Structures are given as structure tokens and as C-alpha cells.
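[1] What follows is a protein structure lacking sequence information:
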């Protein structure tokens, strides 16, 4: 039975909503070995088609455009991290009124447990100490305000927008290992841009897995955008070439290119992504305009290792961080910001297509340090 038949048989089952699949595989390092079995990762579950899609999209747009709604959603998405991070800091403050060495050592331990990383932890604690000394703060109760300010300083950038092409289609390469939510992130980006009134075209350049092509096609159909694809094992470069030509001919505003995330070794990964970049640069000297790396927040410090590899082979311009709502290790945001200096452009705060949002350092810092649990539950 084909993949499409399996989804077709699910159509009459109880509606489950658009969900980003569970992270059944947590990549530990690159390179990753090819595996023969068909992956269940990133496979979208089918749901009943709404009889009023325009109404649904309009309501979703209103929700996304509401700043207060976004802040509340960010608070909820960081609930696990906040419990592991702010909750422990608050407990520490209750038991330690003075800012002595033991207090700061305990703060370091909490930061490391939240996957902030050693470099970020030492830097953050040192800056907090300096601020406390400068302002003659001796009470631990004032530490949370200092920490929120310093966290915002470490992340250091306001929301970073996409680099749009001056003319012609904006070309966006999307890279990342399989299992991080790459396919669903592409779908969410396409949904977002289409909702903004832009004409979107997808390119299935991960030809090493038939499932990757099929999954992206399903999402393209659901979102309502066109996709350029070849057969499994086809030359990814040929797919990209055809996609570039199609984007120009169809007057697309955006071309989003999916790429392979699991090749046999790092050399193959470098060669494949390098080849795709060369084809894009040959056809469009000003492109790619963006190379977005998709990372899974639940993998913690391993996300930093992945980013370092892809930064080397693809020249990353921005990060899409998925599954932030499913981890207690949200400190990885700080580690990515300080260790890699790559702007975090989008963050996944839920399972719906509309739940890929612009990342705001200010909102993140406030939501992370938020402590009014009663208000959060309402």
C-alpha cells in the first residue's frame, strides 16, 4: 500500500488537527547514516478539509497578528523550560537571601541543566555579578530582573526579517537533519507566505528518500502551493535547476527548496549542499537569499553541534527552532545566540500551521522569566 493510500484511509477517522509529528528520532551527531526503512518522521496526519478554508485562515491570521496572543503563546510554549529554569531560580532565591558564592554556583548549575551551555552560563553569571555589584544589590530577590535583562542582551537582536530579493523570486534553501521538523517547517513557511499574499513554489530536492518527496507533496497540497519534484534518486541539482526556471516562468514570489538531511557521511553532505548552492548562484548571482537551518529544541546542546556543521557547509543566514513548546531545555536559545552568532528568525510554539512565529528576544526573555502561574493558567 502506498503512502498516499495510507493517508487516504485515514481521512474518515476522527479529526486530529494539523500536528507536527513527534520527534521519534533524536539525531545525536553528524554525519548520520542512511537507513533503508521509510521514516515516520514529519509525516503529516490527514484531517477533514474545512468547508470554509478562507474563514479558517482569516481567523488564524487575526490570532497571529495579536501581540498579546503571541506573548501568551510564548509563555505557554516555555512552560517546561520555565519550570526547569525560572522555577528553580525562584526556589533558590527563597532559600538564599544573600548573593554569596554558594548562591552563584547554584545559579550556574541551574543554567547548565537548562542547556544554556558552559560558555553562556559563565558569561551570564559574570555579567549578573557585575550588574549586582554596580547597582549595590545584595538581596537575591532582585536577581530575576537582572537575569531577564542580561538574557535579552545575550540574545541581542530584535526580530530578524527575511532577506527579500530586490527583484524576481526570493530563493530560500532549507537545511537540517531528518527528524527535526524540516518538512513541516517548510509547510508552515509556505502557509505563512501564502497568507501574506505571496505566490509560493516548493522544490523537493531531497531525492534520497521517496518519503521525503511524498511528505512535501502532501503538505504542498494541503497549503495550496505548487511543487517541483523529480523521481526518487534523481539528481537534486536538476530539481533545483527546474525549480528556478519554474519560479521565474510562473512569476513566483518565493521558492523554498528542501534539501537532504541524512547522507552517508559529512563529505557527501558538503558536496550535495555545495552543488545546490553553485547551481543557484550560477542561475541567480544574488541568491540564495536565505539559508535557513531547522533545529529541534528538544535535542539541547546537540543542536549547537548540528548548526556548526551546517554553518560550515551551507553558510546559514538564519535558524528556525522547532518544538520549543515540547522541551525543558529552552536555554539552547541562549547557546545558539552566543556561540554561533546566527540570527534566530522563526520559532515553533505549537503544532498548528500558524504556530511558526517571528522570534523576538524581548518577548522570549519576558516569557522565560514570567512567574505568575495563576495568570498563565487563565
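    Thanks, I have it. What you see is a predicted model, and the numbers here were worked out from it, not measured in a lab.
[2] per-residue pLDDT, residue 27?
    Listed pLDDT for residue 27 reads 36.
[3] try residue 16
    Note for residue 16: predicted pLDDT of 39.
[4] out of everything not next to it in sequence, what's closest to residue 150?
    Distances taken as CB to CB, 6 or more residues apart in numbering place residue 127 nearest to residue 150, at 4.9 Å, with adjacent residues excluded. For the C-beta atoms, the positions are set from N, CA and C on the backbone; glycine is no exception.
[5] What is the burial count for the one you found?
    17 (other CB atoms under 10 Å).
[6] Equivalent analysis for residue 139, please.
    The tally of other residues near residue 139 (other CB under 10 Å) stands at 11.
[7] sorry, back to before: tell me the pLDDT at the residue nearest to residue 150?
    pLDDT, residue 127: 91.
[8] Mind listing what's buried along the helix or strand it falls within?
    Per DSSP states H and E: residue 127 is located in helix 118-134. By neighbour count on 16 or more other CB atoms under 10 Å, the buried set for helix 118-134 is 120, 121, 123, 124, 125, 127, 128, 131, 132.
[9] Could you pull up phi and psi at the residue lying closest to the last one once chain neighbours are set aside?
    Once its chain neighbours are removed from consideration, residue 132 has its nearest residue in residue 99; the separation is 5.8 Å (CB to CB, 6+ apart). Recorded main-chain torsions at residue 99 are phi -90, psi 70, according to degrees, to the nearest 10.
[10] show me what contacts residue 99?
    129, 132, 137, 138, 139, 140, 143 (CB atoms under 8 Å, 6 or more residues apart in numbering).
[11] Please tell me how far it sits from residue 209.
    Taking CB to CB, to the nearest Å as the measure, residue 99 falls 54 Å from residue 209.
[12] Please apply the same query to residue 147.
    Applying CB to CB to residue 147 and residue 209 gives a distance of 43 Å.
[13] how distant is the next helix or strand after the helix holding residue 127 from the center of its chain?
    Remark: after helix 118-134, the chain's next helix or strand is helix 143-155, criterion DSSP H and E. Relative to its chain's centre, helix 143-155 lies at 23 Å (CA atoms, centre = their mean, to the nearest Å).
[14] cool, and stretch 112-124?
    21 Å.
[15] tell me how far the ends of it are from each other?
    Counting by CA to CA, to the nearest Å, you get 11 Å between the two ends of stretch 112-124.
[16] can you map out the helices along the stretch 51-200 of the chain?
    53-65, 67-77, 79-84, 86-95, 101-113, 118-134, 143-155, 182-195 (DSSP state H, counting those that start in this stretch).
[17] So for residue 253, which of those helices sits nearest?
    Ranking the helices of the stretch 51-200 of the chain by proximity to residue 253 (CB to CB) places helix 182-195 first, at 7.3 Å.
[18] Buried residues, stretch 334-353. List them.
    334-340, 342-353.
[19] Residue 228 and residue 78: what is the separation?
    To residue 78, residue 228 is 37 Å away according to CB to CB.
[20] and if you look at residue 319?
    Residue 319 is 17 Å from residue 78, by CB to CB.
[21] Repeat that for residue 198.
    Here residue 198 is placed at a distance of 30 Å from residue 78 (CB to CB).
[22] More neighbours: which of those two?
    residue 78 (27 against 16).
[23] name the element the closest residue to the more buried one other than its chain neighbours belongs to?
    The shortest distance from residue 78 to any residue other than its chain neighbours is 5.0 Å, reached at residue 367 (CB to CB, 6+ apart). Assessed by DSSP H and E, residue 367 sits inside helix 361-369.
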